[in-house]
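S.K.: A predicted structure for the sequence below; I have some questions about it.
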Amino acid sequence: MKNYVKAIVTFVFLIAAVTFVPAISEAAIASLGAPVGLKQIDASENSVKFSWDAVIGAKDYAVSYSDGATWSQPERVWTGTDETIYSLSAGKTYYVRVYAVDDDDNLGAPSADLEVVTAPRVEEMGTATVTDRTASSISLSWLSASGATSYVVKDDFYQMATFFVETATPTATVTDLLPNSWYGVDVFAVRTSSSGFKAYSSRQHNYIQTLEALVAPAKPSKSNFTVYNPSASAGTTGFMVADPNHTADGYELEVYKVKGNKKVFAVNTSSSGVPSRKFGKNTPYKYRIRYYAQSGVSKLYGPWSDYRYFWLHNVTGKRNYRLSSSNCSISMKWSKVAGATSYTVSMSASANGKYKKVKTLGKNAKSIKITKFGKSKLSRYKTYYLKVTANVKSGKKTLKNDAQTYNRTIN
């Protein structure tokens with residue numbers, strides 16, 4: 001009987017022990033907190049590295065990751081409070097979780113999910129092209145990289161890694177540079193996570209020099225430009241421009257009608273000559289130029305020159321004489337020049353000689369007959385050079401016709 005009662009008491013005690021003393025593994029799981037402080041600390045094209053804060057009582061940790069659709073089975077971490085996951089795709093977003101593991105290899109509660117990103121592939125960017133250079137800037141363009149949320153341009157000359165600019169498009173202009181200087185310009189494709197971590201691709205290196213600083217050219221002298229090969233009969237003329245100081249990369253030329261000040265022609269060129277083009281006959285024009293210095297596509301213009309003037313005045317002439325006499329006369333005819341107040345007829349005995357005034361005629365004159373050169377009668381056996389200059393006024397100024405530098409010869 002005593003043995004029976006003892007057996008019953010022992011059985012009741014064992015039941016109480018099983019019922020009220022919890023298992024060690026359950027107690028350990030309940031006491032382990034979920035890892036916190038997750039952050040991404042590194043990335044490559046096919047890997048991500050992240051870390052977290054240590055959990056009190058944790059033997060070690062396990063991690064799992066997802067591509068946004070499915071999660072991997074948790075795997076043990078043997079490296080402390082950070083882990084690197086490999087064999088990922090470039091320029092992608094993934095998610096990771098961390099679990100604390102107790103002494104009996106049981107997992108604690110999972111951490112909050114952390115978004116992590118891999119770096120885009122630098123090969124997809126191709127080779128950056130310099131689209132423009134100035135004395136203080138460099139412009140570049142390249143191909144888009146899959147998964148890139150932005151691109152970062154840095155100065156990595158001698159590994160200084162100075163930040164230049166971040167752009168959302170595969171183009172960038174770096175400014176505030178020194179003239180005539182070399183820069184090691186590196187371009188990175190970047191993918192940024194929601195927490196702000198930037199996964200950089202490998203660098204695309206470029207070694208680029210800025211241009212020399214622009215200096216505005218001086219004001220052109222009127223002797224530096226003129227009409228070229230004017231033809232009164234065809235109503236055409238070209239222009240010639242010189243740069244004696246060799247400070248300009250080109251020039252701009254403008255032509256206006258004197259009356260009404262209407263611009264009728266303009267050209268911007270680096271050529272020394274402007275081909276002949278048509279202008280109205282017997283119409284006074286004014287023209288001017290300004291030089292420019294160029295750096296890349298940027299141009300710095302100097303001041304405008306003073307105006308020069310031309311008009312295509314068609315003058316015809318004929319020598320008249322009798323076979324029985326050595327004396328002759330020359331008859332000259334011309335068309336009226338718009339705005340002319342008078343016409344001056346001049347004459348010379350040589351092509352490059354000094355012209356002497358024969359006569360000044362009124363504004364309605366259209367012809368003249370010449371029988372003497374100075375006090376001497378004209379001879380049928382000599383060559384004479386004549387020109388008819390229309391005297392055109394603009395305000396109080398009498399204009400000089402540049403086209404008259406090409407003189408008419410009457411044989």
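M.R.: Sure, I can see it.

S.K.: Look up phi and psi at D402.
M.R.: phi -60, psi -30 (degrees, to the nearest 10).

S.K.: Check the burial of it by counting its neighbours.
M.R.: As a burial measure, D402 scores 22 neighbours (other CB atoms under 10 Å). To be clear about C-beta, it is placed using only N, CA and C from the backbone, and glycine gets the same treatment.

S.K.: which non-adjacent residue is nearest it?
M.R.: Counting by CB to CB, 6 or more residues apart in numbering, D402 lies nearest to F310, which is 4.4 Å off, once chain neighbours are set aside.

S.K.: cool, A168 as well?
M.R.: S150 is the one closest to A168 (CB to CB, 6+ apart), at 5.5 Å.

S.K.: Distance-wise, check the nearest residue to K377 once chain neighbours are set aside relative to T371.
M.R.: Spatially, and ignoring its direct neighbours in sequence, K377 is nearest to N327 (4.9 Å; CB to CB, 6+ apart). Distance of N327 to T371, given as CB to CB, to the nearest Å: 8 Å.

S.K.: what touches both of those two?
M.R.: Residues within reach of N327 and of T371 at once, by CB atoms under 8 Å, 6 or more residues apart in numbering, are K377, L378.

S.K.: Go ahead and confirm the residue nearest to D402 touches T237.
M.R.: Yes: F310 is within contact range of T237, at 6.6 Å (criterion: CB atoms under 8 Å).

S.K.: list residues touching both of the two?
M.R.: V227, P230, A403.

S.K.: which other helices and strands contact the host helix or strand of the first one?
M.R.: For V227, the element it lies in under DSSP states H and E is strand 225-231. Identification of packing neighbours for strand 225-231 by 3 or more CB pairs under 8 Å, 6 or more residues apart in numbering; DSSP states H and E yields strand 236-241, strand 273-278, strand 285-295, strand 308-310.

S.K.: Any chance of CSV for those, columns mean neighbour count?
M.R.: Formatted as CSV, the helices and strands packed on strand 225-231 follow (neighbours: other CB atoms under 10 Å):
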stretch, mean neighbour count
strand 236-241, 20
strand 273-278, 15
strand 285-295, 20
strand 308-310, 21
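
S.K.: would you list these in TSV and tack on mean pLDDT and distance to K377?
M.R.: Putting the helices and strands packed on strand 225-231 into TSV (pLDDT from 0 to 100; distance: least, CB to CB, whole Å) gives the following:
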stretch	mean pLDDT	distance to K377
strand 236-241	97	36
strand 273-278	96	39
strand 285-295	94	39
strand 308-310	97	34
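
S.K.: could I get the ones you listed as CSV with distance to S139?
M.R.: Output for the helices and strands packed on strand 225-231, formatted as CSV (distance: least, CB to CB, whole Å):
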stretch, distance to S139
strand 236-241, 30
strand 273-278, 31
strand 285-295, 12
strand 308-310, 39
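
S.K.: Of these, which is nearest T192?
M.R.: With CB to CB as the measure, strand 285-295 is the member of the helices and strands packed on strand 225-231 nearest T192 (35.2 Å).

S.K.: Just checking: what are the partner strands of the closest one?
M.R.: Looking at strand 285-295 with DSSP bridges, its partner strands are strand 250-257 (antiparallel), strand 298-301 (antiparallel), strand 308-310 (antiparallel).

S.K.: In terms of mean pLDDT, which of those ranks lowest?
M.R.: If you rank those by mean pLDDT, strand 298-301 sits at the bottom with a mean of 88.

S.K.: circling back to that earlier point, and among the strands paired with strand 285-295, the most buried is which?
M.R.: Greatest average neighbour count among those goes to strand 308-310 (a mean of 21), per mean count of other CB atoms under 10 Å.

S.K.: I'd like the next helix or strand past that strand.
M.R.: strand 315-321.

S.K.: Pull the distance from that next one to the chain's centre.
M.R.: Distance of strand 315-321 from its chain centroid, counting by CA atoms, centre = their mean, to the nearest Å, is 60 Å.

S.K.: That one - contacts with which helices or strands?
M.R.: Here strand 315-321 touches strand 328-334, strand 384-394, strand 408-410, going by 3+ CB pairs under 8 Å, 6+ apart.

S.K.: of all the ones you listed, which lies closest to K263?
M.R.: Among those, the nearest to K263 by CB to CB is strand 384-394 (15.8 Å).

S.K.: Can you point out the buried residues in the next helix-or-strand element following the closest one?
M.R.: As assigned by DSSP H and E, the chain's next helix or strand after strand 384-394 is strand 397-399. Applying a neighbour-count criterion of 16 or more other CB atoms under 10 Å, one finds L399 buried in strand 397-399.
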